[in-house]
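*Asks:* Turn this into a model:
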Amino acid sequence: MRVSKAQAQANREHIVETASVLFRERGFDGVGVADLMAAAGFTHGGFYKHFGSKADLMAEAAAHSLAQSLHNHADVGVPEFFNRYMSREHRDARGSGCTMAALCGDAARQPADLKATFASGMEHTLAALGKPYEAGQDGGQSGVRADMIDLLAQAVGALILSRACPDDSPLADEILDVCRARIMAALPAATAGEPQDNG
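*Replies:* Next comes the predicted model:
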């Protein structure tokens, strides 16, 4: 049975969405093409109708999940973004959580084009986080960017460290609590200009 172009596109998008979840849960090397296609509800052989290689899908799935994460947080202010990011709910939601925290370690061992996808996602995230502060920052755009790199790196690192602990470990929560408090304390001094009440 011939599939329409619209259905083929919908199928491709479904595979990308499924892959973005599975890759964040298991890592790039933890998911084979056959398992991925089965999870998406398709046969293994259909994969190559949509993608040239697993690496192509990895890059597309990473771009999708990086953009999705940014879109999901677009309606909240920077303090609320970090508050949500450093929560136990986000920590435990690997499949729908931050792509950077889930896959940066894997991406570091991948080809340059996949690294470029991650770099682009990071650039967009830093720009979105810094935008509310640029007008009110004495140090200008470069000062805002440095602040956001510092805070984002702390948040991503804290999430990775927390996830490396046993789920019921007091340390897992302590890492998130300490880093969240430090980030929140740094925001007003580091980035004057955004209202702190976003509720």
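*Asks:* only C-alpha atoms for contact and neighbour calcs from this point on.
*Replies:* Noted.
*Asks:* Mind telling me what element G143 is part of?
*Replies:* helix 140-164 (DSSP states H and E).
*Asks:* Need the contact partners of that helix.
*Replies:* For helix 140-164, the external contacting residues (C-alpha atoms under 8 Å, 6 or more residues apart in numbering) are 82, 85-86, 91-92, 100-102, 126-127, 129-130, 133-134, 137, 171-173, 175-176, 179-180, 183, 190-191.
*Asks:* Check which element follows it along the chain.
*Replies:* helix 170-190.
*Asks:* what is the mean pLDDT for stretch 32-46?
*Replies:* Average pLDDT, stretch 32-46: 93.
*Asks:* likewise stretch 128-135?
*Replies:* Mean predicted confidence for stretch 128-135 is 83.
*Asks:* same thing with stretch 155-171?
*Replies:* 95.
*Asks:* May I have that stretch exported as CSV, CA atoms only?
*Replies:* This file holds the C-alpha atoms of stretch 155-171, laid out as CSV (Å, rounded to 0.1, in the frame of the first residue of the first chain):
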residue,chain,number,x,y,z
ALA,A,155,22.5,23.7,36.1
VAL,A,156,23.4,21.0,33.5
GLY,A,157,26.3,19.8,35.6
ALA,A,158,24.1,19.6,38.7
LEU,A,159,21.5,17.6,36.9
ILE,A,160,24.1,15.2,35.6
LEU,A,161,25.6,14.7,39.1
SER,A,162,22.2,14.2,40.7
ARG,A,163,21.2,11.6,38.1
ALA,A,164,24.4,9.7,38.7
CYS,A,165,23.4,9.2,42.4
PRO,A,166,21.0,6.4,43.4
ASP,A,167,17.4,7.6,43.0
ASP,A,168,16.7,7.6,46.8
SER,A,169,20.1,9.1,47.7
PRO,A,170,19.9,12.2,49.9
LEU,A,171,22.9,13.5,47.9
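*Asks:* Great, nothing more from me.
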